[in-house]
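S.K.: My questions concern the predicted model and sequence given below.
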Amino acid sequence: MNDVVQIALRAFFALVVLFAITRFSGKKQLAQLTFFEYIVGITIGDITAVIATDIENNLVHGYTSLLVFAAIPFFVDYLSLKSKFVRQLFEGKGTVLVKNGKILEDNLKKEHINTDELLAQLRLKNMFKVADVEFAILETNGQLSVMPKKDAQPVTVKDLQLNLPAEVEPETVIMDGQVLLDPLRASGRTAQWLDTELKKTGVKLENVFLGQVDDKGALYLDLYNDQLQVPQPSENQLLLATLKKCQADFEMFALETQNKEAKRLYSKAADKLQHTIEQVNPYLR
């Protein structure tokens, strides 16, 4: 077999196996890995490279060593769940670097961290004064956890004893100039409402890159042309758009209801409102 083809096939299958191992290992980010997991990951990457490029290497031996190194973290994780000693042995434990506004120099030396690195990490946590830090702990994954002193903590809604409604995730109702009907229904709005809101701003649907509706019914629009600003509708435009929406709602109610009298009243109201819109339209544009 041609060496190039053989290397390509070996690389492909090695990548498939490596992808499978990565999927089974969970969704930890690089910054969340312990030192042990980081070392095992580097070794697995080296073994995969040898399997893919060394055509004289025995594939069985290569994959055996790869699977052994891949199984070690699972075995260590299992033991860590059962034993605190094993957990501290492989993962270590957090180190307090700042306590009650005082830097612990001995712990800095132990973790091989200088003062500039500590201050930089504190700044990333929005802590610019060491005196405002109650605790700063270096976690086992290398991240710095910081707890400000009570008088340096920002005021929260709980501190103010306010009863506010829970935040609701905004729904993306327009993407790439296309209306997404399922999110629109989930937001409790209709296509007619969306069309009315677009008319208020004078923006065409095909010019919208992204549109989102928040829990208060406000529509955010991001246009393809970043140089353009979404125009704010005038009072006349808002009034005209509202009248058109009401007229469309009457027509929809007339189509949906099964009561003949209600259907007649809705249709009559829609016709009257349409006549009114035609009369005031020249003055509201």
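M.R.: Done, it's in.
S.K.: Every contact and neighbour count from this point should use C-alpha atoms.
M.R.: OK.
S.K.: Surely N141 is within a helix?
M.R.: No. Using DSSP: H, G, I helix; E, B strand; the rest coil, the assignment for N141 is coil, not a helix.
S.K.: Neighbours of it, how many?
M.R.: Burial of N141 is recorded as 17 neighbouring residues (other Cα atoms under 10 Å).
S.K.: Could you measure from it over to G92?
M.R.: Shown here: N141 relative to G92, a distance of 9 Å by Cα to Cα, to the nearest Å.
S.K.: what is the mean pLDDT for stretch 226-240?
M.R.: The average of the pLDDT scores along stretch 226-240 is 66.
S.K.: for stretch 266-277, same thing?
M.R.: Average pLDDT, stretch 266-277: 88.
S.K.: which residues are contacting it?
M.R.: Under the contact criterion Cα atoms under 8 Å, 6 or more residues apart in numbering, stretch 266-277 has outside partners L240, L243, K244, Q247, A248, F250, E251, F253, A254.
S.K.: Could you dump those residues into TSV with neighbour count, distance to V208 and secondary structure added?
M.R.: Shown next, in TSV, are the contacts of stretch 266-277 (neighbours: other Cα atoms under 10 Å; distance: Cα to Cα, whole Å; DSSP: H, G, I helix; E, B strand; the rest coil):
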residue	neighbour count	distance to V208	secondary structure
L240	19	22	helix
L243	17	24	helix
K244	18	22	helix
Q247	22	26	helix
A248	18	23	helix
F250	21	28	helix
E251	18	28	helix
F253	16	30	helix
A254	22	32	helix
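S.K.: With distance to A166 added, can I get those in TSV?
M.R.: Shown next, in TSV, are these (distance: Cα to Cα, whole Å):
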residue	distance to A166
L240	34
L243	32
K244	33
Q247	34
A248	32
F250	33
E251	35
F253	32
A254	36
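S.K.: May I ask which two of these are separated the most?
M.R.: Greatest spatial distance among these (Cα to Cα): L240 and A254, at 21.4 Å.
S.K.: can you list the weak-confidence ranges in the protein?
M.R.: 1, 24-35, 164, 228-238, 283-285 (pLDDT under 70).
S.K.: Strands along the stretch 51-200 of the chain, start to end?
M.R.: 95-99, 102-103, 133-138, 144-148, 171-175, 178-179 (DSSP state E, counting those that start in this stretch).
S.K.: Leaving aside the residues adjacent along the chain, what's closest to V179?
M.R.: In space, V179 comes closest to V173 once its chain neighbours are excluded; the distance is 5.8 Å by Cα to Cα, 6 or more residues apart in numbering.
S.K.: if I look at the residue nearest to L79 when sequence neighbours are not counted, how far off is S80?
M.R.: Leaving aside its chain neighbours, L79 sits nearest to V86 (6.5 Å; criterion: Cα to Cα, 6+ apart). Counting by Cα to Cα, the gap from V86 to S80 is 5 Å.
S.K.: Next: K216.
M.R.: Separation of K216 from S80 (Cα to Cα): 47 Å.
S.K.: So which of the two has more stuff around it?
M.R.: Between K216 and S80, counted using other Cα under 10 Å, the more crowded position is S80 (17 against 9).
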